[in-house]
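Trainee: below are the sequence and a predicted model for it; my questions follow.
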Amino acid sequence: VSRTQMRLIKLDSRSVKELPGTLGEPDLIKSVTLLPGIQSTGEFGTGFFVRGGSSDQNLILLEEVPVFNPSHLFGLTSVVNPEGIASVTLLKAGIPARYGERSSSVMDIRMGSNNRDKPKVRGGIGLLNSKLSIDLPLSDQADLYLGGRTSYSNWLLHKMPDTDLMNSSAGFYDLNGLFSYTLNARNRISLFGYASKDRFALKPSMDYSYGNKLGSLKWNHILGKTVTSVLVAGFSRYDYSTGESDTLRRETGYTINSSLLYRNLKYNLTWIPGQAHSIDMGINAMLYRVKPGDLLPYDSRSLVFPLKMQTEKALEYALYAGDNMTFSPSMSAEIGL
């Protein structure tokens with residue numbers, strides 16, 4: 001099969017489950033580091049480098065919304081539950097204009113299930129976490145997927161022959177769901193939600209926590225024989241907090257909270273006028289709200305003075321168009337703006 005798109009890797013749900021695992025668990029993001037041109041950021045980290053680019057130049061999309069921190073447990077596992085993945089598209093070069101300005105790579109992850117026959121329940125117990133997922137075909141037009149994971153890694157840390165590790169703790173959970181409804185032959189609506197939380201402590205007096213919350217509403221509409229459209233409204237929120245309270249110095253206890261909120265609205269049209277052209281065009285608007293940090297007293301006994309840094313906002317919007325054209329059986333090109 002020949003195509004214009006270079007360095008394109010596509011995986012379906014079966015291929016994802018057959019990827020090499022970490023501590024007995026399949027891990028999508030860690031597995032892609034085994035592919036040519038991709039390097040891991042290290043054993044403790046789910047970031048990756050693509051052909052010399054930095055890890056923040058990779059765009060990881062989960063049902064059309066970005067994930068800002070894709071790791072659990074210091075990078076031992078990624079935030080994406082492999083049980084719910086329907087397909088993965090990884091672009092390492094020649095990224096189409098509709099994905100924006102990311103220069104290294106794009107990982108487009110789609111959730112859901114192709115199960116249309118009867119309800120299915122899947123689960124597993126591992127060294128660090130357990131998982132459970134449910135596929136519910138509600139009717140011929142509607143289906144629902146629910147999945148979740150939770151960890152119990154404290155027992156492993158407490159068995160380590162090191163005083164600091166024995167007094168530390170770490171854990172996470174994540175939940176995700178996707179509801180799809182087919183209105184008619186031309187319209188389909190899907191609602192996606194995701195939430196995760198990580199918490200760890202190097203010692204009882206110091207806590208760290210962070211979490212992701214994502215959601216999207218997508219409307220697929222067929223305008224005609226050659227034109228289709230997708231309207232997506234979504235958000236992604238990342239929260240981080242740290243706190244310290246020494247039992248001998250309660251008056252110095254503090255908590256620092258920071259967050260990043262991303263909201264977007266995107267409308268994409270795909271027009272295929274013939275075998276020689278496939279045209280994408282659309283508009284995308286994104287609103288960012290950044291809270292750099294709020295310093296608060298740990299509890300009522302703390303004498304720390306509250307301090308709030310000014311919230312920052314940014315609006316980004318874009319018009320884009322791209323054409324995948326075929327000149328002859330031996331020559332094709334893709335252009336975009």
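Mentor: Ah, there it is. Residues are numbered from 1 along each chain as shown.

Trainee: now do the residue sitting nearest the centre point of the chain against residue 129, distance only.
Mentor: Of all residues in the chain, the one closest to the mean position by Cα atoms, centre = their mean is residue 67, 3.7 Å from it. Relative to residue 129, residue 67 is positioned 18 Å away (Cβ to Cβ, to the nearest Å). Any C-beta I mention is one placed from the backbone N, CA and C, and that applies to glycine too.

Trainee: coming back round to it: distance of the residue nearest to the centre of the chain from residue 171?
Mentor: 20 Å.

Trainee: cool, residue 214 as well?
Mentor: Counting by Cβ to Cβ, the gap from residue 214 to residue 171 is 20 Å.

Trainee: which one of those two has more residues nearby?
Mentor: residue 214 (25 against 19; other Cβ atoms under 10 Å).

Trainee: against residue 137, how distant is the more buried one?
Mentor: In this structure, residue 214 and residue 137 are 24 Å apart, going by Cβ to Cβ.

Trainee: pretty sure residue 196 is touching residue 211, no?
Mentor: Yes: the pair residue 196 / residue 211 is scored as a contact, 5.6 Å apart, by Cβ atoms under 8 Å.

Trainee: so where's the stretch 151-300 of the chain uncertain?
Mentor: 164-165 (pLDDT under 70).

Trainee: ok, now with 80
Mentor: Residues of the stretch 151-300 of the chain meeting the criterion pLDDT under 80: 152-168, 202-205, 246-250, 299-300.

Trainee: can you pull out the helices in it?
Mentor: With DSSP state H, counting those that start in this stretch as the criterion, the stretch 151-300 of the chain has helices at 154-158, 163-166.

Trainee: out of those helices, which one sits most buried?
Mentor: helix 154-158 (a mean of 13; mean count of other Cβ atoms under 10 Å).

Trainee: I'd like the distance from that one to the chain centre, please.
Mentor: Centre-to-centre, helix 154-158 and its host chain are 28 Å apart (Cα atoms, centre = their mean, to the nearest Å).

Trainee: so what touches that helix?
Mentor: By Cβ atoms under 8 Å, 6 or more residues apart in numbering, the residues outside helix 154-158 that reach it are 127-128, 165-166, 168-171.

Trainee: what is residue 174 paired to in the beta sheet?
Mentor: Judged by DSSP bridges, the bridge partners of residue 174 are residue 149, residue 196.

Trainee: that one reaches residue 78, doesn't it?
Mentor: No: the pair residue 174 / residue 78 is not scored as a contact, 9.9 Å apart, by Cβ under 8 Å.
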